[in-house]
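Student: predicted model follows, preceded by the sequence.
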Amino acid sequence: MGVIVVSGTGTEIGKTVVTAALAALAAAKGLKVAVLKPAQTGLEPGEPGDAHEAARLAGPGVTAVELSRFPEPLAPNTAARRAGLATVGPQEVAEAADKLATEHDLVLVEGAGGLLVRLDDTGGTLADAAGLLKAPVLVVTTAGLGTLNATQLTAEALRARSLEPLGVVIGSWPAEPGLAARCNLVDLPATSGAALIGAVPDGAGGLAPDAFRRGAPSWLAPVLGGMWDADDFTAAQ
């Protein structure tokens, strides 16, 4: 399957949970999976990061790799500068992903924040890493107001770099969705030009790993290894 880059339209929108669900589906099929986090911010040494959380939820055998860590919850280049630590640029991300791909069937590269958040002081971004890897980019977005603009901007930024979005996944679908969220099920693919290929329920990341793995197939579409259907889901809402 190669490499898939998982990018969000912002922070705290469910990238790690979506990454974990995708890893769980691949691992359940017997594939060797690695989760790569180029830059983890906002955590001290010893605290479990996003890559390790994704691997914990996805199941035994999923490899978790973190290239850099900075204690303050800031953009990676800013957090590195304030901590007096070296940044990790797109070339290093691509090299790490390529190396993991020689030993794994699927490598999931989870970004920090949005697509164009700076990784280093030269302006390198996750989009640049995806370009070097020639990897598809899965866009994780929110359900409610504001998501149409943010998702369309992300899709346009990808296409400006000759990268096509793999699709859009809603990272946290509310138990009681409002009018905007329900309308966005139709409007997201129309405005972004990318298929809606999943919706992970709010709170999924708090499930026990076994329950998480059982639920994952119903959250992601067949193109990602699950059985979620956009038409059926939209009709049910």
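Tutor: Okay, I see it.

Student: where do the strands of the chain begin and end?
Tutor: 2-8, 33-37, 40-41, 63-66, 69-70, 106-114, 137-141, 165-173, 196-201 (DSSP state E).

Student: who wins for proximity to residue 54 among those?
Tutor: Among the strands of the chain, the nearest to residue 54 by C-beta to C-beta is strand 33-37 (4.6 Å). Heads up, the C-betas are built off the backbone N, CA and C, glycines and all.

Student: report the angle between the closest one and strand 106-114.
Tutor: 20 degrees (axes from the mean of the first three to the mean of the last three C-alpha atoms, to 10 degrees).

Student: show the contacting residues for residue 128.
Tutor: The contact partners of residue 128, taken as C-beta atoms under 8 Å, 6 or more residues apart in numbering, are 90, 161.

Student: 7 Å instead?
Tutor: residue 90 (C-beta atoms under 7 Å, 6 or more residues apart in numbering).

Student: if we can go back for a sec, out of the strands of the chain, indicate the one that is most buried.
Tutor: Among the strands of the chain, ranked by average contacts under mean count of other C-beta atoms under 10 Å, first place goes to strand 137-141 (a mean of 28).

Student: give me the contacts around that one.
Tutor: 4-9, 13-15, 18, 130, 147, 150-151, 154-155, 158, 163, 165-171, 194.

Student: any chance of the strands of the chain in CSV, plus distance to residue 51 and mean pLDDT?
Tutor: What follows is the strands of the chain, written out as CSV (distance: least, C-beta to C-beta, whole Å; pLDDT from 0 to 100):
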stretch, distance to residue 51, mean pLDDT
strand 2-8, 11, 97
strand 33-37, 4, 98
strand 40-41, 7, 96
strand 63-66, 4, 97
strand 69-70, 10, 96
strand 106-114, 7, 96
strand 137-141, 15, 98
strand 165-173, 17, 98
strand 196-201, 18, 98
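
Student: could you find the closest non-adjacent residue to residue 217?
Tutor: In this structure, residue 217 finds its nearest non-sequential neighbour in residue 226, 4.4 Å apart by C-beta to C-beta, 6 or more residues apart in numbering.

Student: let me know how buried the one you found is, in neighbour terms.
Tutor: Neighbours of residue 226 under the rule other C-beta atoms under 10 Å: 20.

Student: could I get the phi/psi values of it?
Tutor: Dihedral angles of residue 226 (phi, psi; degrees, to the nearest 10) stand at phi -100, psi -160.

Student: so can I have TSV of the strands of the chain showing distance to residue 91?
Tutor: Formatted as TSV, the strands of the chain follow (distance: least, C-beta to C-beta, whole Å):
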stretch	distance to residue 91
strand 2-8	15
strand 33-37	14
strand 40-41	19
strand 63-66	16
strand 69-70	19
strand 106-114	13
strand 137-141	18
strand 165-173	22
strand 196-201	29
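
Student: what's the spacing between the residue nearest to residue 217 and residue 79?
Tutor: Residue 226 sits 34 Å away from residue 79, going by C-beta to C-beta, to the nearest Å.

Student: residues contacting the residue nearest to residue 227 when sequence neighbours are not counted?
Tutor: In space, and not counting its chain neighbours, residue 227 is closest to residue 217: 5.2 Å by C-beta to C-beta, 6+ apart. For residue 217, the contacting residues are 25, 226-227, by C-beta under 7 Å, 6+ apart.
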